[in-house]
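*Asks:* predicted model, plus sequence, below.
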Amino acid sequence: MNKHAHFRNTPILIVFLIGLYSLAFYLMFSHQRMVDFIPFYVSSKLLISGQNPYPMTLPISLNPPFSLFLCYPLGLASFHLGMLICSLIFLILGLIAVHLTFFYVFSAEFRKKYRLILYLLYFAFFPVLINISIVQFGSVLFFFMMMGYHFYLQKDSPLSLVLPQPTPAPELPLLKYRIEQLHQNQYVGSEIVVEKLIKTEPSFSTYTFSYQTTGKKMTGLMNIPSKSTGALPVIIMVRGYIPPDVYTPGSGTKSGGEYFASHGYVTLAPDFLGFGGSDTESSDEWEARFQKPVQVADLIMTAEKQTSINLPSGSVSLDNSHVGMWAHSNGGQIALTTLEILSQPIPTTLWAPVTAPFPYSVLYFSDEEADEGKKSREWINEFDQKYDALEFSLSQHLNLLQGPLQLHQGVADEAIHYIWSDEFVDKIKAENLRRKKLKSDEVAGITATPSAKVNASLDPIEITYFKYPSSNHNMQPDWSTVIQRDLEFFDKNLK
């Protein structure tokens, strides 16, 4: 059968309908008393002249009160013009209603293929012909019925057609990573599970471990002293940025972790999600960035509640009341943000930390990317339009920070400007002055404003700052001096 066979009689149907509707319109204008528009028009004229729109002399009165207001403008025109306008309006409303009907009943492919046939069948439908020929309200009712059904399915309001609707609030999924918001959250920790023995040295053994954070499994590298007398203090080792394709567990923390372990500390260096044997990180690279302090906070809380770790051969006791942190480079930014989130006095040492305000801290390194930072600049521009960057910047939340801290910075560091560390220490000093003033005012009986009293009870932040004129980003050639100073720092604060 020819695929166009169903269109064969279409021209005949079109000619027939044109003739039929031409006859109907001729009869409408030559035999007006057969048209339902007459009572509407007469009532409208009476209403306009201030008379009763429902006189006893009117033979047929099918017009409810609301129809008078709809037909009121037509009463200002001549009968024939008013009837023509009314007929066209009813015709258009009927077409809109049947269009919606076809939309919800038939598939897009079917509508595209048989659109002409569908509309011809609509006009050939006897009730449609009668409705148009005597100007009835049927098409109006059909229109309101289908529009109501449409808005019901779309869960929208009919007022949206005529009234401006409020712009939907943009989705702001990163709001939950504001530092103040993270500070309000509760962190309960999970459990440190030993995964595999990596190596055994005379003074320590190295294992891979895992714990749960942000609903996922995160792995890391753990060093356990070989000789222990009693519970051992813990140091969390937070590395800086390392490209995923060259990363191996312990990268950036291996030397320091082994040094501390050989001097009696359990060290835990998280891989972070997407690295090592960890679960994948968020597909949103910026959410993945904001989640890292949360993951470290979860590890700290895990270490603070766990009293021992089960090893393949026995177990080791943890002094969970003595947990410290070591961090390098971007790990310093993660560590400081973690300290603000928890607002606990966790002894922390920082090697060349990223302390520049966010998002400048991101833009500064973006020129190293393949697109020279184009994507990062576009994202930050979009971020600034939706969020307040100050709410995500560690330098704006020093009121939550507690010490003691020890900071090392090489003047010859080409990755982190020593000026950043200088300015960060100056900000710490300014925060300490604020706290001292608040305490002095409290002693003097002066009431501070609610905003100024935020964490006014905290002691000044204890910070020791070392600068090394010849040291690079990895503290060479002064590595031995720096690590020895850190050992003395941890021995003082954790033992």
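*Replies:* In hand now; what should we look at?
*Asks:* please count neighbours and contacts with C-alpha atoms only from this point.
*Replies:* Fine.
*Asks:* just the CA atoms of stretch 302-315, as CSV, please.
*Replies:* Provided in CSV are the C-alpha atoms of stretch 302-315 (Å, rounded to 0.1, in the frame of the first residue of the first chain):
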residue,chain,number,x,y,z
THR,A,302,38.1,9.1,64.4
ALA,A,303,41.6,9.2,66.0
GLU,A,304,40.2,11.1,69.1
LYS,A,305,37.7,8.4,69.8
GLN,A,306,39.7,5.3,69.0
THR,A,307,41.7,3.8,71.8
SER,A,308,43.5,1.1,69.8
ILE,A,309,44.2,-0.2,66.2
ASN,A,310,44.1,-3.8,65.4
LEU,A,311,47.1,-5.0,63.5
PRO,A,312,47.8,-8.3,61.7
SER,A,313,49.9,-9.2,64.7
GLY,A,314,48.3,-7.8,67.8
SER,A,315,47.2,-4.2,68.4
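*Asks:* mind listing what's buried along it?
*Replies:* Within stretch 302-315, the residues that qualify as buried are 302-306, 308-309, counting by 16 or more other C-alpha atoms under 10 Å.
*Asks:* tell me the two of those residues that are most distant?
*Replies:* Within the buried residues of stretch 302-315, two members stand farthest from each other by C-alpha to C-alpha: 304 and 309, at 12.2 Å.
*Asks:* in helices, which of the buried residues of stretch 302-315 appear?
*Replies:* Under the assignment DSSP state H, the buried residues of stretch 302-315 contribute 302-305 to helices.
*Asks:* so which of these is the closest to residue 321?
*Replies:* For those, the closest approach to residue 321 (C-alpha to C-alpha) belongs to residue 304, at 6.2 Å.
*Asks:* now do the strands in the chain.
*Replies:* 193-200, 204-213, 216-225, 232-238, 266-270, 308-311, 314-328, 348-351, 405-410, 463-468 (DSSP state E).
*Asks:* a markdown table for those, including mean pLDDT and distance to residue 334?
*Replies:* Formatted as a markdown table, the strands of the chain follow (pLDDT from 0 to 100; distance: least, C-alpha to C-alpha, whole Å):
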| stretch | mean pLDDT | distance to residue 334 |
| --- | --- | --- |
| strand 193-200 | 94 | 23 |
| strand 204-213 | 95 | 15 |
| strand 216-225 | 96 | 16 |
| strand 232-238 | 97 | 8 |
| strand 266-270 | 97 | 12 |
| strand 308-311 | 92 | 25 |
| strand 314-328 | 94 | 8 |
| strand 348-351 | 98 | 11 |
| strand 405-410 | 97 | 14 |
| strand 463-468 | 97 | 18 |
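*Asks:* what's the most buried one of the ones you listed?
*Replies:* Here the criterion is mean neighbour count by mean count of other C-alpha atoms under 10 Å, and of the strands of the chain the winner is strand 266-270, at a mean of 28.
*Asks:* now the angle from that strand to strand 216-225?
*Replies:* 150 degrees (axes from the mean of the first three to the mean of the last three C-alpha atoms, to 10 degrees).
*Asks:* starting at the chain centroid, how far to strand 266-270?
*Replies:* 31 Å (C-alpha atoms, centre = their mean, to the nearest Å).
*Asks:* again with stretch 214-221
*Replies:* Taking C-alpha atoms, centre = their mean, one finds the center of stretch 214-221 at 22 Å from the center of the full chain.
*Asks:* what's in contact with it?
*Replies:* Contact with stretch 214-221 is made by 206-212, 249-250, 268-273, 276-279, 294-295, as judged by C-alpha atoms under 8 Å, 6 or more residues apart in numbering.
*Asks:* make it 6 Å
*Replies:* 207-211, 250, 268-271, 273, 277-279 (C-alpha atoms under 6 Å, 6 or more residues apart in numbering).
*Asks:* is it possible to get TSV of those that adds distance to residue 341?
*Replies:* Listed next are the contacts of stretch 214-221 as TSV, based on distance: C-alpha to C-alpha, whole Å:
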residue	distance to residue 341
207	29
208	27
209	24
210	22
211	20
250	25
268	20
269	19
270	18
271	20
273	19
277	26
278	23
279	23
